[in-house]
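# Have a look at this fold, sequence not included:
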């Protein structure tokens, strides 16, 4: 199943927690899920349309500040679809890093360029790392009776461990690259 086809389950998962607009869904993906999943407005709205057509979600017209907006709610059929998908085996965990791709072929480039790519990667990780640390801290003291927090905490802890390893690797890579020229 392609990533885009899993977007239906990403959206249903978010809607299983609360009713959301398409804009809210994009915000949730760009904050809480951005460490392991991404989606564009160009894919979110068509997926929402399909979910409604398939009876997995429904539209709720709401008004806010004299503006009509469309909020989406998961249906019971949608909850069952999400539960069925969660029971399936994971088919593919995929990581793609342009930084690593460029580093892999860097023997034909200027070594300073490789160091710059590693430093840029490191800067992005350092910029995002405080959010993950804060998420773990907040989730560790959150209401433990809400089972969802346990799963949020597990994914945030995974992110902290991965980002710590990234930063360690960046230091090692910079030292190694500095030593070859």
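Arrived safely. Only a predicted model underlies this, so the values are computations on that prediction, with no experimental measurement involved.
# What ranges does this protein have for its helices?
3-15, 22-31, 41-53, 76-87, 98-104, 111-140, 147-178 (DSSP state H).
# can you put these in TSV and add distance to residue 61?
Backbone N, C-alpha and C define where each C-beta goes, glycine included. Output for the helices of the chain, formatted as TSV (distance: least, C-beta to C-beta, whole Å):
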stretch	distance to residue 61
helix 3-15	16
helix 22-31	13
helix 41-53	13
helix 76-87	18
helix 98-104	41
helix 111-140	33
helix 147-178	27
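# Next, the buried residues of the lowest-mean-pLDDT helix or strand in the chain.
Least confident helix or strand of the chain, by mean pLDDT, DSSP states H and E, is strand 57-64 with a mean of 84. Of all the residues in strand 57-64, those buried under the rule 16 or more other C-beta atoms under 10 Å are 57, 58.
# partners of that strand, with directions?
strand 67-74 (antiparallel) (DSSP bridges).
# Return the residues in contact with the residue nearest to residue 120 when sequence neighbours are not counted.
Excluding the flanking residues, the one nearest residue 120 by C-beta to C-beta, 6 or more residues apart in numbering is residue 99, at 7.4 Å. Going by C-beta atoms under 8 Å, 6 or more residues apart in numbering, residue 99 touches 117, 118, 120, 121.
# still on that earlier bit, hey, which of the helices of the chain is tucked in deepest?
Per-stretch averages of neighbours, counted by mean count of other C-beta atoms under 10 Å, single out helix 3-15 among the helices of the chain, with a mean of 19.
# thinking again about what came up before, would you mind saying which of the helices of the chain lies nearest residue 67?
helix 22-31 (11.7 Å; C-beta to C-beta).
# Just checking the distance from that closest one to the centre of its chain.
Relative to its chain's centre, helix 22-31 lies at 10 Å (C-alpha atoms, centre = their mean, to the nearest Å).
# Check stretch 51-59 too.
How far stretch 51-59 lies from its chain's middle: 23 Å, per C-alpha atoms, centre = their mean.
# swap in stretch 158-169?
The answer for stretch 158-169 is 16 Å, by C-alpha atoms, centre = their mean.
# tally of neighbours for residue 39?
Around residue 39 there are 20 other residues, counting by other C-beta atoms under 10 Å.
# Could you pull up the residues touching it?
7, 10, 26, 29.
# picking that back up, helix 3-15 and the least confident helix or strand of the chain, what's the angle between them?
Using axes from the mean of the first three to the mean of the last three C-alpha atoms, to 10 degrees, the inter-axis angle of strand 57-64 relative to helix 3-15 is 60 degrees.
# Much appreciated, bye for now.
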